[in-house]
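**Q** Kindly generate the corresponding structure for this input.
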Amino acid sequence: MGPSGKQPAGNADRLSDLPDGLIHYIMSFLTVRQAVQTCVLSRRWEDLWCSMPCLNIDEQDFRPSAIGQGSEYLDYDYEDEFEDDIDYARFEDFVTNLLMFHSAPTLDSFRFHAVCHAVSHREIKFINSWLCRCIKRRPKVVEIHSTGDCKLPRFGSSSSRLSRLHLTGITLDRTFAQQLPCSSYPVLEDLELKRCKLDDDAEIASCTLKNLTIEDCTTSNPSALTIKAPSLTHLQLFITAFGQNWHAVTVDEMPFLVKATIRLKPSTAILPCKLLYSLIYVRDLELTGLRTLDNLHIGSGTFPVFHNLRSLLLDKCDLSDSCDILGSFLNNAPCLEKLTLQLCEVLFVFLHLYRVKYSSFTILELPESFLLPKASRRF
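**A** I've put the predicted structure just below:
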């Protein structure tokens, strides 16, 4: 204390003087267990966690190895570890009590991470009930990562504020696709499905979606996937998982598409459904893992014209028997500026042809990219 009896300015708790909204923003970068632990800082912090609008529930906080870890622990790789050393009893008690005392009427974001390969039916039931309770708070952002038999609850009116939905390892029934239209998700713009189990003949239909990622999702029986998203600007479609997949993919026209990435496993022989015709407005196109580009336009009489295409990347594609398809890309993309062949099988004679035709083209060891001149592009 100074001579006047006042606390020296250097020891003032300026952090506690911040308004609740700013402190809540700071707490949003923490897992929920870390946020609750801030209650010991001072009386000002005792109940702040009860009203924070962001919940990041992470079971990895209940590993012995997590004790004492800092913010770098948030980058934990869930796929490389097992759940054996997680104290599920403490995790269950903590989350149950958390949701009992947490009083925020709405959530800005809700994130839930649980690797539950071998948990019991009782534990799965608890997890599903937690998801239901948090989704009822009408979050703007929902990210759920699970490897168990967790199911996505029905949003109902709780989806009115939802703008981003990222799901990993979740089981989605037929009602999920039925809820997607604009009337149920009026502001949803970002949808990401990774390693999810979808219902047969799944349909992703939304007039508000701008970003869509479907990665290694499976179905109980071989079926068709339909995508109807006319406002989409970014599409990522990865089909590299083993197991049941779709025998066909149908994508409606996407006039605002900026970038599309299509990745297939080497043994995949699908996507004949005029997929390229649905991508004709794209500016940046990446195709990966195709044994032959013929798979992409079977059933189409002519090759589509890509008037907006500026950049084309072919990665791990077998072009040795289908150089005419690569030529078709070049001849039907009048604005193409950059072509990248990355780890592709290409005939040397074909590359030599382009070195003769285009003075700026040189044969280098793949992977390599080259810029096509804006002058003559036709053979």
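
**Q** if I pick Ala202, what's in contact with it?
**A** Residues in contact with Ala202 (Cβ atoms under 8 Å, 6 or more residues apart in numbering) are 172, 177, 219, 223, 225-226. All C-beta atoms are positioned from the backbone trio N, CA, C, and that covers glycine.

**Q** one more time with 6 Å
**A** Going by Cβ atoms under 6 Å, 6 or more residues apart in numbering, Ala202 touches 177, 225.

**Q** ok, which stretches of the stretch 1-150 of the chain are helices?
**A** Assigned by DSSP state H, counting those that start in this stretch, the stretch 1-150 of the chain shows helices spanning 20-27, 32-37, 88-101, 121-135.

**Q** residues near Arg174, how many?
**A** 13 (other Cβ atoms under 10 Å).

**Q** rewinding a little: so which of the helices of the stretch 1-150 of the chain comes closest to Met254?
**A** helix 121-135 (28.9 Å; Cβ to Cβ).

**Q** ranking the helices of the stretch 1-150 of the chain by burial, who's on top?
**A** Of all the helices of the stretch 1-150 of the chain, helix 32-37 has the most neighbours on average by mean count of other Cβ atoms under 10 Å, namely a mean of 20.

**Q** would you turn the helices of the stretch 1-150 of the chain into CSV with mean pLDDT and distance to Thr147?
**A** Converted to CSV, the helices of the stretch 1-150 of the chain look like this (pLDDT from 0 to 100; distance: least, Cβ to Cβ, whole Å):
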stretch, mean pLDDT, distance to Thr147
helix 20-27, 91, 27
helix 32-37, 92, 20
helix 88-101, 89, 14
helix 121-135, 84, 11
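
**Q** So in terms of bridging, what pairs with the closest residue to Lys197 other than its chain neighbours?
**A** Leaving aside its sequence neighbours, Lys197 sits nearest to Thr171 (Cβ to Cβ, 6 or more residues apart in numbering; 4.6 Å). Beta bridges link Thr171 to Lys151, Lys197, judged by DSSP bridges.

**Q** Can you verify my assumption that Thr171 contacts Asp199?
**A** No: with contact defined as Cβ atoms under 6 Å, Thr171 and Asp199 do not form a contacting pair (9.2 Å).

**Q** Now list whatever residues contact both of those two.
**A** In contact with both Thr171 and Asp199: no residue, using Cβ under 6 Å, 6+ apart.

**Q** Which secondary structure element is home to Gly327?
**A** helix 323-331 (DSSP states H and E).

**Q** That helix: what's the following helix or strand?
**A** Counting by DSSP H and E, what follows helix 323-331 is strand 338-342.

**Q** Sort out which residues of that next one are buried, please.
**A** 339-341 (16 or more other Cβ atoms under 10 Å).

**Q** Ser159: what's it in contact with?
**A** Going by Cβ under 6 Å, 6+ apart, the list of residues near Ser159 reads 184-185.

**Q** Can you list the strands that the strand or helix carrying His166 pairs with?
**A** His166 belongs to strand 164-168 when assigned by DSSP H and E. Each strand paired with strand 164-168, and its direction, by DSSP bridges: strand 141-146 (parallel), strand 190-194 (parallel).

**Q** hey, which of those strands is tucked in deepest?
**A** strand 141-146 (a mean of 21).

**Q** what's next to that one, contact-wise?
**A** So strand 141-146 is contacted by 109-114, 164-170 (Cβ under 6 Å, 6+ apart).

**Q** Let me see the mean pLDDT of it.
**A** Averaged across strand 141-146, the pLDDT comes to 93.
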